[in-house]
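Trainee: Fold the following.
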Amino acid sequence: MSDPRINDRIRVPEVRLVGPAGEQVGVVRIDIALRLAQEADLDLVEVSPNSNPPVVKVMDYGKFKYEAAQKAKEARKNQANTILKEVRFRLKIDTHDYETKRKRAETFLKAGDKVKAMILFRGREQSRPEQGVRLLQRFAEDVSEYGVVEFTPTIDGRNMVMVIGPLKSKADAKAAQLKASKKAAKEKEASAPAVETPPVTKATPEPELPAADVATEEQAAAPVAPKTPAKAKPAAKTTATTPVKKTTTATKPKTATQKEETDA
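Mentor: The predicted structure follows:
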């Protein structure tokens, strides 16, 4: 798609002018439309060149171009991420199998993917296509909360197919899934039993003791060293005393000479 004509590139005598807020100004000459755009410090953009006269709008062309590119990018992203999932049925299907197929299709649609519902005909079942149509219509009604029919049931060879598109885009589905998971986490956290914290009691300060009492308590608290038993002193050796014999010296009688000396 080519870029629209803007400002002086719009070469027509008259245009249908739309104001910057979307208000309808009416049909005016091109020079008046250009002057109004210049006074608003904006651009004059041709938005519908095939109209008679062409429709132009006063806008910020740079912003308009950026928003258009973002929309095109988002559209390509959604188109690339959308996957066609397939769910197959038999014409004669039991209730349990049908519910399994339905839940599977709902999962695909919630994720933003399309679902291709296919009925496989066998033998003479091909002669009763109306039963296949009824089954697919019932299936579409059961998943209508998450998807809408894009292609009605049609015969494709020996099969019958129907396409159901999601109500939400791929990006919206992911955002909804993320929101649901966060909500579930909060509910789980809220339902968890609260852990009671025991009240904190303030310690009562002990009364101050006199210095003498403190010293006594410290002495009492100090570990007492075990007493070492005193070594026994060796017994004193006793020496046997030999009795001393007294000797008596016999006195000899003095001689006459000695007697004289004594008298002298």
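Trainee: buried set for stretch 87-98?
Mentor: Of the residues in stretch 87-98, those buried by neighbour count under the rule 16 or more other Cβ atoms under 10 Å are V87, F89, L91, Y98. Every residue, glycine included, has its C-beta placed from N, CA and C.
Trainee: now these as TSV including secondary structure, pLDDT and distance to K110?
Mentor: Below are the buried residues of stretch 87-98 laid out as TSV (DSSP: H, G, I helix; E, B strand; the rest coil; pLDDT from 0 to 100; distance: Cβ to Cβ, whole Å):
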residue	secondary structure	pLDDT	distance to K110
V87	strand	94	14
F89	strand	90	20
L91	coil	88	27
Y98	helix	94	19
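Trainee: tell me the two of these that are most distant?
Mentor: The most widely separated members of the buried residues of stretch 87-98, counting by Cβ to Cβ, are V87 and L91 (14.4 Å).
Trainee: on that earlier part again, a markdown table for the buried residues of stretch 87-98, including distance to A117?
Mentor: A markdown table is the format used below for these (distance: Cβ to Cβ, whole Å):
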| residue | distance to A117 |
| --- | --- |
| V87 | 5 |
| F89 | 7 |
| L91 | 13 |
| Y98 | 11 |
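Trainee: for these, which one is nearest A185?
Mentor: Nearest to A185, judged by Cβ to Cβ, of the buried residues of stretch 87-98 is V87 at 31.0 Å.
Trainee: quick one: contacts for the closest one?
Mentor: Counting by Cβ atoms under 8 Å, 6 or more residues apart in numbering, V87 touches K101, R104, A105, F108, V115, K116, A117, M118.
Trainee: Apply 10 Å and report the result again.
Mentor: Residues near V87 by Cβ atoms under 10 Å, 6 or more residues apart in numbering: 100-102, 104-105, 108, 115-118, 139, 143, 162, 164.
Trainee: I'd like to know how far it sits from P13.
Mentor: 60 Å (Cβ to Cβ, to the nearest Å).
Trainee: hang on, the earlier thing: could you dump the contacts of V87 into a markdown table and include neighbour count?
Mentor: Listed next are these as a markdown table, based on neighbours: other Cβ atoms under 10 Å:
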| residue | neighbour count |
| --- | --- |
| T100 | 13 |
| K101 | 19 |
| R102 | 15 |
| R104 | 13 |
| A105 | 24 |
| F108 | 22 |
| V115 | 28 |
| K116 | 17 |
| A117 | 24 |
| M118 | 18 |
| F139 | 23 |
| V143 | 22 |
| M162 | 23 |
| I164 | 25 |
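Trainee: Closest to K183 out of these?
Mentor: For the contacts of V87, the nearest to K183 is F108 (22.2 Å; Cβ to Cβ).
Trainee: is it true that the closest one lies in a strand?
Mentor: No. Using DSSP: H, G, I helix; E, B strand; the rest coil, the assignment for F108 is helix, not a strand.
Trainee: Next, the contact list for it, please.
Mentor: With contacts defined as Cβ under 10 Å, 6+ apart, F108 is in contact with 83-87, 114-116, 143, 146-147, 164, 166.
Trainee: ok, these vs E125, which is closest?
Mentor: V87 (18.0 Å).
Trainee: Tell me which of the contacts of F108 fall in strands.
Mentor: L84, K85, E86, V87, K114, V115, K116, G147, I164, P166 (DSSP state E).
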